[in-house]
Each structure stands twice: as structure tokens, then as C-alpha cells.
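Trainee: predicted model and sequence follow; I will ask about them next.
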Amino acid sequence: MRKFIADYVKSCSECIRYKATNQKPAGLLQTPVPTQRFESIAIDLFGPLPETTEGMKWIFIVEDYTTKWVELFPLKQATAKECAMTLLNEVFLRYGVPRRLISDNGTQFVSAVMQQLCFVLDINQSLIPVYHPQANPVERKNRDLKPRLAMMVGNNHTLWTEKLPAIRFAMNTSK
């Protein structure tokens, strides 16, 4: 009987119209849709990994939001300066300056160096909410990278930089 009454009240047009609600009215979802390649990119860091002979410990991952193209760059340190220099020299000079940069709230990405880079180049920096990795598409690439790296490296943990081109190729050509 209780369920019948609740269902009746929910479907009653006059009840719906005059009864006060606690919920905000649903708005239109405004998802920006990039139209060109590398117009919107997502970035993240993977590591720390065992140090290589060159001193590399981190992988800087850059993914194009439109084409899902991935670039992997080994880094010695996970600093804002090193991330910004890699973006500038390896990504922006190769693919052009994006309009939007998506990242998590890592200290490297919210630093003054990264904010200055985005300001000077007129890039809209979008920080994903804390504990919500689904909002950053590159987080899925982190999940894909880990087993591929483990399979390719085997027991030679310090040779992972040599395997990055093959892993990048596999990530960019598989569905």
C-alpha cells in the first residue's frame, strides 16, 4: 500500500508541479568537444620507477584528447620545471600549443611554473577533482602502461627507457 501511494504521488502531475523540491534543477551538460588534434591534451606522471643508468625515474605521459595519441617521455625528476620544459620542447613545438591542458592536482601541475606556462601561452588549465581520476583520460593510459612495461622489461628493471618507444607504438596502434 505504501509503495502504491508513493508511486501515485510521484506520477501525479499536480503533486509534482506544486510540491517543493530539495534538488537543484538539472542543467545542460556543457562538455567541451575538441575538433582538432592536440587542441586538448591530458598529462600525468607515472613512477617513480627504478633509476636507469641515465638517471631517469619517471614517465611523463601526454595524451591527445581527440585522437587518443600518446607520447611517453622519461624524466629524471618529477618537477614542475622538467614537466613544463618537456611540454614546451617535445609537445608544443611538435604538435602546436593546445587550447586546454587537463591534469590532476599534482604539485608539479598546480605550481607557479606550470600556471605561468599556461598563462603565457594562453592555455586553459583544467584540474580534475581530487579522488576522481575518471575525469582525466590519461589515467586509463597509466593503467595500460603498467602491465606493458612489466612485460617488456622483465627482470631488467633499469632498462625501461629503451622499451618506451615500443610501448608507445603498441598503445597508439591498439584499440
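Mentor: Arrived safely. Just so we're clear, the structure is a prediction, and the values are computed from it rather than from any experiment. Residues are numbered from 1 along each chain as shown.

Trainee: from now on I want contacts and neighbour counts done on CA atoms only, so please keep to that.
Mentor: Will do.

Trainee: next, count neighbours for P137.
Mentor: 19 (other CA atoms under 10 Å).

Trainee: and if you look at V91?
Mentor: Neighbours around V91, by other CA under 10 Å: 18.

Trainee: before we move on, what about the one 10 residues further on?
Mentor: Residues near L101, counting by other CA under 10 Å, number 22.

Trainee: what does the one 5 residues further on give?
Mentor: G106 has 14 neighbours, counted by other CA under 10 Å.

Trainee: how close does it sit to A78?
Mentor: Separation of G106 from A78 (CA to CA, to the nearest Å): 10 Å.

Trainee: wait, M114 touches M85, no?
Mentor: No. Applying CA atoms under 8 Å, one finds M114 not in contact with M85, separated by 9.6 Å.

Trainee: in terms of neighbours, single out the busier of these two.
Mentor: When M114 and M85 are compared for neighbours, M114 comes out ahead with 20 against 15, by other CA under 10 Å.

Trainee: mind listing what that one touches?
Mentor: The contact partners of M114, by CA atoms under 8 Å, 6 or more residues apart in numbering, come to A80, K81, A84, Q108.

Trainee: let's have the residues you listed in TSV, adding secondary structure.
Mentor: Formatted as TSV, these follow (DSSP: H, G, I helix; E, B strand; the rest coil):
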residue	secondary structure
A80	helix
K81	helix
A84	helix
Q108	coil
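
Trainee: now the element after the lowest-mean-pLDDT helix or strand in the chain, going C-ward?
Mentor: In the chain, no helix or strand scores lower on mean pLDDT, DSSP states H and E than helix 13-18, which sits at a mean of 71. Moving toward the C-terminus from helix 13-18, the next helix or strand (DSSP states H and E) is strand 40-46.

Trainee: list the strands paired with that next one, with their directions.
Mentor: Strand pairing for strand 40-46, using DSSP bridges, gives strand 58-64 (antiparallel), strand 100-103 (parallel).

Trainee: and the next element down the chain from the top helix by length along the chain?
Mentor: Scanning the chain for the longest helix, with DSSP state H as the assignment, gives helix 138-153. Next helix or strand after helix 138-153 toward the C-terminus (DSSP H and E): helix 160-173.

Trainee: list the contacts of that next one.
Mentor: In contact with helix 160-173 (CA under 8 Å, 6+ apart) are residues 52, 56, 68-72, 74, 145, 148-149, 152-153.

Trainee: wait, W69 touches A42, no?
Mentor: No. If you go by CA under 8 Å, W69 and A42 don't touch, sitting 10.5 Å apart.

Trainee: low-confidence stretches in this protein?
Mentor: When residues are selected by pLDDT under 70, those of the chain lie in 15-16, 19-21, 23, 25-32.

Trainee: ok, now with 90
Mentor: 1-36, 47, 65-66, 128-144, 146, 152-159, 174-175 (pLDDT under 90).

Trainee: that concludes my questions; thank you for your assistance.
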